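# sequence and computational prediction follow.
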Amino acid sequence: MSNISGFIKRLRDIMRNDAGINGDAQRIEQIAWLLFLKVYDTKEQDWEFEDEKYQSIIPEPCRWRNWAHEESGKGMTGDALMNFVNNILFSVLKGKDIKDPNGNILIKGIQVDPTTPIKKAIVKTTFEDANTYMKDGVLLRQVISVIDELDLSDYEESHAFGEIYETILRELQSAGSSGEFYTPRAVTDFMAKMINPQVGEHCADFACGTGGFLISWLKELETKKKNTDDVEKIYNSIYGIEKKQFPYILCVTNMLLHDVDTPQIYYGNSLLQNILDYTDKDKFDVVLMNPPYGGNEKADVKNHFPSDLASSETADLFMSVIMYRLKENGRAAVILPDGFLFGTDNAKVSIKKKLLSDFNLHTVIRMPGSVFAPYTSITTNILFFDKTRPTKETWFYRLDMPQGYKHFSKTKPMKLEHFTPAMEWWNNREEIIVDDAPKAKKYTVEEIAALGYNIDLCGFPHEEEEILAPQDLIQQYREKRASLDANIDRVLAEIMTLLGNKE
């Protein structure tokens, strides 16, 4: 077995010497497409074994085994390798034909259409906007050789590499803005556990990033399979869509590594369809999500939403998508920032009114501020709701920092065991008061309405002023200003009504 534990370090040490690699994000992106081709080639060996008529969508010269695998005798290096990758491999995988000087086609670019099986179509969508950064062919050869050492056909090594892949994904948190695509595994595992998946149900994530929620969903279902039919149902139970190329590649590779041979992961933007157009076939039993937040969408995106729900805040828009795509009796667990809870601007109030009147918002878990550090220090929450009946009451539970932790960090990340108090409370709910402030409390829908739909309840006592990163601070100020403006407008409207009644 190759030295899997040192895998990342070996790649990093080689790539540091390449002038084309500028920072962690580019390094991981370069590794991402190489890993995809290696993993895909291993999968193709399985598919060829299962079906002797299997034909790869990748032309022979561009299959990993025929250009990257050194034992094939065709392993290139130096300028020849750089020329092949830049001018042949990427062109072919993006769908462009390679021609000789007379215009004759030497290698046909891969093409997909609606009839192309998912497991083949993913190759083209994976490379549509992919980039290669390395400039030194000798160093690139060294990187390829390290990746090619992985024996993913060996069960133990493949399983061990699955753990290493999680390390790669965790590294995204420190790779600049790419951290937004990774939700700590402890959080996704907790949410999947509480949602209690059943074999035969379908789960969606409409901004799936690297696929963490879908993997946690699969992991929970693994314990419930009883026969081979169940296995097939489980692997076909996930749906993801991701609008950014880099996490899309990581997600598809993640699914292949977890034996999902036909990953229903799509490259696109969930906000670009009019939500009123969704039909029952577009709906799911379960939604698990951490919608992107802090972003502002363009006016044309807002046109896909009813005017009262047309917020400019990305997380708000995703909440509407979730509500319109959840089946009757369906369940959802969604991570949202504090701004959604305390926001009382028109769009947020409309979304919360719809959530409480059309869904049963039964639980809100308030999470500590550093769960997503270092990417963001904005405090986040998990909303659990289902489409069974209107909300009558909502429980709020504050998850405090575990003993001995001042905050979570890269070296001290959140673990599933830190959710133990919440899990113990979940099945035996009672109000908890700590230092005269509620840590867990139930509020009726009438009480929530009386608060103007500000559901910033059972929050953290702020003993000291929290120092936020500039972008987080700006976002928080925007949210609070919008909420304040909405309150002022409401009070002015009430005053005008009273004055009108006196006249």
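In hand now; what should we look at? Residues are numbered from 1 along each chain as shown.
# so where is the stretch 1-150 of the chain shaky, pLDDT-wise?
Scanning the stretch 1-150 of the chain for pLDDT under 70 picks out 1-5, 72-73.
# show me what contacts K96?
G109 (C-beta atoms under 8 Å, 6 or more residues apart in numbering). Glycine gets a C-beta too; all of them are placed from N, C-alpha and C.
# F127 against A32, yeah?
No - taking C-beta atoms under 8 Å as the definition, F127 is not a contact partner of A32, at 11.0 Å.
# span of stretch 12-30 from start to end?
Chord length of stretch 12-30, first to last residue, is 11 Å (C-alpha to C-alpha, to the nearest Å).
# over to stretch 54-74?
23 Å.
# and for stretch 83-99?
Note: stretch 83-99 ends 15 Å apart using C-alpha to C-alpha.
# now that stretch: buried residues?
For stretch 83-99, burial by neighbour count (16 or more other C-beta atoms under 10 Å) applies to F84, V85, I88, L89, F90, S91, V92, L93, I98.
# pretty sure the first one is in a helix, no?
Going back to what we said before, that points to F84. Yes - assessed with DSSP: H, G, I helix; E, B strand; the rest coil, F84 lies in a helix.
# distance-wise, check it relative to K53.
29 Å (C-beta to C-beta, to the nearest Å).
# just to revisit the earlier point, tell me the two of the buried residues of stretch 83-99 that are most distant?
V85 and I98 (12.9 Å; C-beta to C-beta).
# which residue ranges form the helices in the stretch 101-250 of the chain?
118-127, 137-148, 155-171, 185-195, 212-222, 228-235, 245-257 (DSSP state H, counting those that start in this stretch).
# worst average pLDDT in those helices?
Mean pLDDT is lowest for helix 155-171 among the helices of the stretch 101-250 of the chain, at a mean of 75.
# what is it packed up against?
helix 7-15, helix 24-50, helix 245-257 (3 or more C-beta pairs under 8 Å, 6 or more residues apart in numbering; DSSP states H and E).
# off-centre distance for stretch 162-171?
Relative to the centre of its chain, stretch 162-171 is centred 14 Å away, using C-alpha atoms, centre = their mean, to the nearest Å.
# what does it contact?
4-5, 7-8, 24, 28, 31, 35, 182, 185, 210, 212, 250, 253-254, 257-258, 413.
# let's see that with 6 Å instead.
Applying C-beta atoms under 6 Å, 6 or more residues apart in numbering, the set of residues contacting stretch 162-171 from outside is I4, F7, Y182, T210, L257.
# just among those residues, which is most surrounded?
Counting neighbours by other C-beta atoms under 10 Å, T210 leads the contacts of stretch 162-171 with 29 neighbours.
# list the contacts for that one?
Neighbours of T210 in contact, by C-beta under 6 Å, 6+ apart: L169, F181, Y182, P247, L250, C251, N254.
# whichever of those end up buried, select them in ChimeraX.
Per 16+ other C-beta under 10 Å, the buried members of these correspond to this ChimeraX selection:
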select :169,181,182,247,250,251,254
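# R141: which of the contacts of T210 is nearest?
L250 (23.4 Å).
# buried ones in stretch 381-398, by neighbour count?
So, applying 16+ other C-beta under 10 Å, buried residues of stretch 381-398: 381-387, 391, 394-398.
# for those, work out which two are farthest apart.
K387 and R398 (26.2 Å).
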